[in-house]
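Student: 3D, please:
(2 chains)
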Amino acid sequence: MQYDLIVIGMGLSGLMAARTAAETGRKVLIIGKGMGCLTLFSNTIDLLGKIPGTMELRDGLSQWIKDHPDHPYSKVGLNGVEEGIASFSSLFRSPYSFRAIGDRNSFIPTGAGHRRPTYLIPGTMIAGASCNKALIIGFKGFRDFSAGYVAGPLKWRGTTLSVPSLFNREISATALSRWMERESFRETIARDIRKHLKEESCVGLPAILGIHDPIKVKMDLEEKIGVEVFEIPGLPPSLPGMRIFNRVKEWLIGKGVDFLYGYPVSEISVKEKEVKGIDVHHPPASGFHSADRFILATGRFIGGGLTADRGSVSEPLFHLPVAQPGSREEWFGKSFFDEHPIHRAGILTDSSLRPVDQTEKPLFENVWIAGTMLAGHRCIDEISREGIEIATGYMAAKNAMKQ
Amino acid sequence: MNLKTEVLIIGGGATGAGIARDLSLRGIPCLLVEKGDFLSGASGRNHGLFHSGGRYVVADPEAARECIAENRILRKIASRCVEETDGLFISLPEDGLDFRDRFVRACEEAAIPARLLSQDEALSLEPGLNPDLKSAVAVPDGSIDPFELVLENAGDAEAHGATFLLHTEVTSLLLDGDRVKAVVAKDLLRGEEYRIEASYLVNATGAWADRFLRLAGLHIAMALSKGSMLVTNQRVSHRVINRCRPPSDGDIIVPNHTVSILGTTSIRLEEIEHLEITPPEVSLLIREASRMVPAIETTRFIRAYAGVRPLFLSGEEGGDRAISRGFVLIDHEKRDGIRNLITVTGGKLVTYRLMAEKASDLVCQKMGINHPSVTHTKPLPGAGQRAGLKERLKTLGQGEILCDCELVRREEAEEVFREGKLKNPLDILHRTRLAKGTCQGAFCVYRLLGLLNESGKIRGDSNTILKGFLEERWKGIRPVLWGTSVREEELIESIYKGIFNL
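Tutor: Numbers count the residues shown, from 1 in each chain, chains lettered A, B, ... in the order given. Here you go, the predicted structure:
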């Protein structure tokens, strides 16, 4: 079968690219070996945390684009970013939906008891942005979230529940979220929480309010406790990221997109300047898949889209040139908290997100790049990861489908 | 605050802790002052090679004889700290066989058991070795855990009446004619100042020996030589691997717990603090070590670190590697006319007990008492227990794990804090295997701080401690960031700068 588009990579950028193409009725295959960074870090949607909360994000973004002509946002354009974000948001209807408070960055509490700026916030987290005094709840055995740690810097109170049904053993975020989906469990913890609650107007929990219907879990807890409840993002894995993945996957499969999850692409087949197809050497999905267009969205080092040996950074699948700092000595600053030059490394593209060579000529007729593997941004320091993924995923597919 | 003791020991490395134990077992009261935590100097920053003496046997037979004698003693008294791996000195084609023949003869003369192995024999013992090797010599090298060793010595000393002031730096010496009357010391974490009167002082500050003596207006000539090491993420050999050639850069691979340590370089320094490992050093170590075990070329590294060898210059100078690894014991009464001060420095980790015994003998001689040392026969408290991962695996499934890489249980950490002696919470990293594995504490230290918050050991903002830890961790990680380590680093940065916005 000849696909209109093959998307390589199943992080947020790949998913958005597949969605954008599928929405126009095209035949799409998406293939990836994992969920990318979605289930690691994506709790909320960061667009550009650098913009102060006093400024409307649109204004800040428009200035940013003027000041950073090589940034992925500049290639996508202000309207493109907004369209992408709108397209993402429209996938999540009530009750589990994303929204921005006053169209600007808001500040939500984190697992280190800091507040961090972010843009689109899921319904389970939004109360954290406005809460002035919360009781933080942890669970004995869930070592990746400490109520005391979180409460300290915020000058709130924290308490750790010892729930008999967990047998006080080590418990993971996913297991805890399954417990949370049981009414009897919620009943038990709500009783405990009510006992500890004093003058607090809300209760903050780790981000484990279930996978399937977190709003139901939240509302039921609120009813049982009597105050508002919110989730606090913490160490990976990110349950909110899994919810995003599950929702987009469900939508894509509903639209007839072929979804090859868990498979790496072994090699690509190229004829002159055109990519013909991909080879997957991985039973039972082994085989050759051909398409008219390809979007590469394999991420940075974590996703495997970029690799580094002792000498240089490279892109292992298409062997695209990678813009990068000189020698290994220059990759990282002397302090952990420096903005490390290696994070600026990435794939150079033209304004339509096609990978280019040194002379800025497109290397392939039918390949586009989406996501954090693009050059020109520093998403960790800019606090722009999901925004870049969504905007470039959306725009790469738009541009590809024009052709 | 005013304190009084019979013997004041300055320095909490293996030598200082060893002296504290030796003296207190002889019934002599002593106080140990250390400006950091135990093992802040070379004792905590070496490759953990449990010398048979082979490494020095050709150039410095006397040091080699000391090594093998102590090697035999420590196997008995410190069995929990020693892993009896054995070691191979391998000859590669470019090394020739002349040195090997001298080596075998010298081992015989120094009574170091040595067995010549053919290429096939060596490869069947260690299949990862360079298949081009000509032959190997097996010697009773091993691996030693300096942290366990020093803490066991300190613990036993304490059980016999010794006391410790950690994170406390001696800032001045008060001289009264031909003796040191008292020292002034400052607690670097809490700011408290002490005036400590002691009948005798032992300078066991290792590489800092000369710097300490300057407080008394004295000076000894030392060569400070930086040795850098790399840690792999798994063992690359079962035995210690040495090149059978005159000791040089990058010719040792030591298995240590779950990892291997590649060493070392030798670079003359003027400064003891803020050691940096340079990319050329990293490249050199990998290039040389991968001649012995080729898989090192592609293996993952989790950390680099450096220590300073305290080498005493006896007069004539050669290269730093030619300077004796034997130790020196200086009676400042004879040398400088200060009656109650002695210095012990130089030496090797494996000879720490002998150094402590000789220094304590000198103290006793000055005191005019005749209590013999018992440390060569009296086992350390942990003796009888075995070292290593196998033991830790037995405790698996018994409660929460705090550190997944090294299987450190929550109870183990709680136990350290229950004793209530840690001035700095992160000193736990020197007392457990916490943060010594592949992620280098990127997850478990956050969890640890959570635990300390829950139990009320820390209040308020833990992020200052967390940030301090991440910076310290960075120093060890930055030199080895490529390959999969870069992936992990992106993950760690995304957590702490991203999710947590520190």
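Student: On the three-state scheme, A:Y3 is what?
Tutor: Classification of A:Y3 using DSSP: H, G, I helix; E, B strand; the rest coil returns strand.
Student: Spit out the contact partners of the closest residue to it other than its chain neighbours.
Tutor: Closest residue in space to A:Y3, ignoring its immediate chain neighbours: A:A291 at 3.8 Å, by C-beta to C-beta, 6 or more residues apart in numbering or on different chains. For the C-beta atoms, the positions are set from N, CA and C on the backbone; glycine is no exception. Each residue near A:A291 by C-beta atoms under 8 Å, 6 or more residues apart in numbering or on different chains is listed here: A:2-6, A:29, A:277.
Student: Would stretch A:353-372 count as contacting chain B?
Tutor: No. Remark: stretch A:353-372 sits outside contact range of chain B, by C-beta under 8 Å from any C-beta of the partner chain, the gap being at least 9.7 Å.
Student: Roughly how far does A:I8 sit from B:G498?
Tutor: The gap separating A:I8 from B:G498 is 24 Å, by C-beta to C-beta, to the nearest Å.
Student: hang on, the earlier thing: now the residue nearest to A:Y3, what's its secondary structure?
Tutor: Quick answer, by three-state DSSP: A:A291 is strand.
Student: What residues are bridge-paired with B:T345?
Tutor: With DSSP bridges applied, B:T345 shows beta-bridge pairing to B:V328.
Student: ok, it touching B:L224?
Tutor: No. The pair B:T345 / B:L224 is not scored as a contact, 11.4 Å apart, by C-beta atoms under 8 Å.
Student: out of those two, which sits in the more crowded spot?
Tutor: B:T345 (26 against 18; other C-beta atoms under 10 Å in any protein chain shown).
Student: check contacts around the more buried one.
Tutor: The neighbours of B:T345, taking C-beta under 8 Å, 6+ apart as the test, are B:15, B:203-207, B:209, B:220, B:222, B:310, B:312, B:327-328.
Student: again, only this time at 6 Å
Tutor: For B:T345, the contact set (C-beta atoms under 6 Å, 6 or more residues apart in numbering or on different chains) comprises B:206, B:209, B:310, B:312.
Student: Could you list the alpha-carbon positions for the helix or strand harbouring the third one in PDB?
Tutor: Remark: B:P310 resides in strand B:301-312, with elements defined by DSSP states H and E. Only the C-alpha atoms of strand B:301-312 are listed here, as PDB (Å, rounded to 0.1, in the frame of the first residue of the first chain):
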ATOM      1  CA  PHE B 301      31.300   5.700  31.600                       C
ATOM      2  CA  ILE B 302      29.300   7.100  34.600                       C
ATOM      3  CA  ARG B 303      31.800   9.300  36.200                       C
ATOM      4  CA  ALA B 304      35.300  10.800  36.300                       C
ATOM      5  CA  TYR B 305      37.100  11.900  39.400                       C
ATOM      6  CA  ALA B 306      40.600  12.800  40.600                       C
ATOM      7  CA  GLY B 307      42.600  12.600  43.700                       C
ATOM      8  CA  VAL B 308      45.900  14.000  44.800                       C
ATOM      9  CA  ARG B 309      48.700  11.600  45.800                       C
ATOM     10  CA  PRO B 310      50.600  12.800  48.900                       C
ATOM     11  CA  LEU B 311      54.100  12.100  47.700                       C
ATOM     12  CA  PHE B 312      57.000  13.100  50.000                       C
END
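Student: How about the residues of chain A by chain B?
Tutor: For chain A, the residues in contact with chain B (C-beta under 6 Å from any C-beta of the partner chain) are A:41, A:110, A:112, A:114, A:116, A:143, A:146, A:148-149, A:152-153, A:160, A:170, A:233, A:301-302, A:308-310, A:329, A:332, A:336, A:380.
Student: When you filter these down to buried only, what's left?
Tutor: When the residues of chain A next to chain B are checked for burial by 16 or more other C-beta atoms under 10 Å in any protein chain shown, the buried set is A:41, A:110, A:112, A:114, A:116, A:143, A:146, A:148-149, A:152-153, A:160, A:170, A:233, A:301-302, A:308, A:332, A:336, A:380.
Student: just the helices in the stretch 51-200 of chain B please.
Tutor: Along the stretch 51-200 of chain B, the segments classed as helices by DSSP state H, counting those that start in this stretch run B:61-77, B:98-109, B:119-125, B:146-159.
Student: Highest mean neighbour count out of these?
Tutor: Most buried of those by mean neighbour count (mean count of other C-beta atoms under 10 Å in any protein chain shown) is helix B:146-159; its value is a mean of 22.
Student: Extract the C-alpha set from it and format it as CSV.
Tutor: This file holds the C-alpha atoms of helix B:146-159, laid out as CSV (Å, rounded to 0.1, in the frame of the first residue of the first chain):
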residue,chain,number,x,y,z
PRO,B,146,37.9,2.7,51.1
PHE,B,147,34.6,4.0,52.5
GLU,B,148,33.8,0.8,54.4
LEU,B,149,37.4,0.6,55.6
VAL,B,150,37.6,4.1,57.0
LEU,B,151,34.1,4.0,58.5
GLU,B,152,34.8,0.7,60.2
ASN,B,153,38.0,2.0,61.6
ALA,B,154,36.3,5.2,62.9
GLY,B,155,33.4,3.2,64.3
ASP,B,156,35.6,0.9,66.2
ALA,B,157,37.7,3.8,67.4
GLU,B,158,34.6,5.5,68.7
ALA,B,159,33.4,2.3,70.4
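Student: now that helix: how far from the chain's centre is it?
Tutor: Its chain's C-alpha centre and that of helix B:146-159 lie 13 Å apart, by C-alpha atoms, centre = their mean, to the nearest Å.
Student: That helix packs against which elements?
Tutor: Helix B:146-159 makes packing contacts with helix B:14-25 when contacts are defined by 3 or more C-beta pairs under 6 Å, 6 or more residues apart in numbering or on different chains; DSSP states H and E.
Student: The helix it packs on: which residues count as buried?
Tutor: Across helix B:14-25, burial judged by 16+ other C-beta under 10 Å covers B:14-25.
Student: Closest one of the residues you listed to A:E272?
Tutor: Closest approach to A:E272 among those (C-beta to C-beta): B:A14, at 67.8 Å.
Student: Can you tell me the element the closest residue to that closest one other than its chain neighbours falls in?
Tutor: Spatially, and ignoring its direct neighbours in sequence, B:A14 is nearest to B:Y352 (3.7 Å; C-beta to C-beta, 6+ apart). Using DSSP H and E, B:Y352 sits in helix B:352-367.
Student: Now stretch A:108-120 - C-alpha only, CSV.
Tutor: Extracted in CSV, the C-alpha atoms of stretch A:108-120 (Å, rounded to 0.1, in the frame of the first residue of the first chain):
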residue,chain,number,x,y,z
ILE,A,108,1.7,25.8,38.9
PRO,A,109,3.4,24.1,41.9
THR,A,110,5.9,21.3,41.1
GLY,A,111,7.3,18.3,42.9
ALA,A,112,10.2,20.5,44.1
GLY,A,113,7.8,23.0,45.8
HIS,A,114,8.6,25.7,43.2
ARG,A,115,6.1,27.2,40.9
ARG,A,116,6.8,26.9,37.2
PRO,A,117,5.4,28.8,34.3
THR,A,118,3.3,26.9,31.8
TYR,A,119,0.6,27.6,29.2
LEU,A,120,-2.1,25.0,28.7
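Student: residue contacts, the closest residue to chain A within the stretch 301-450 of chain B?
Tutor: Chain A sits closest to B:G450 of the stretch 301-450 of chain B, with a gap of 2.6 Å, by C-beta to the nearest C-beta. Residues in contact with B:G450, defined by C-beta under 6 Å, 6+ apart, are A:146, A:149.
Student: Just the buried positions in whichever helix or strand it is part of, please.
Tutor: Following DSSP H and E, one finds B:G450 within helix B:444-454. By neighbour count on 16+ other C-beta under 10 Å, the buried set for helix B:444-454 is B:444-454.
Student: which one's the longest helix in chain A?
Tutor: In chain A, taking DSSP state H as the definition, the longest helix is helix A:385-402.
Student: Quickly note the distance from the residue nearest to A:Y3 to A:A396.
Tutor: As judged by C-beta to C-beta, A:A291 and A:A396 stand 14 Å apart.
Student: repeat for B:I10
Tutor: 65 Å.
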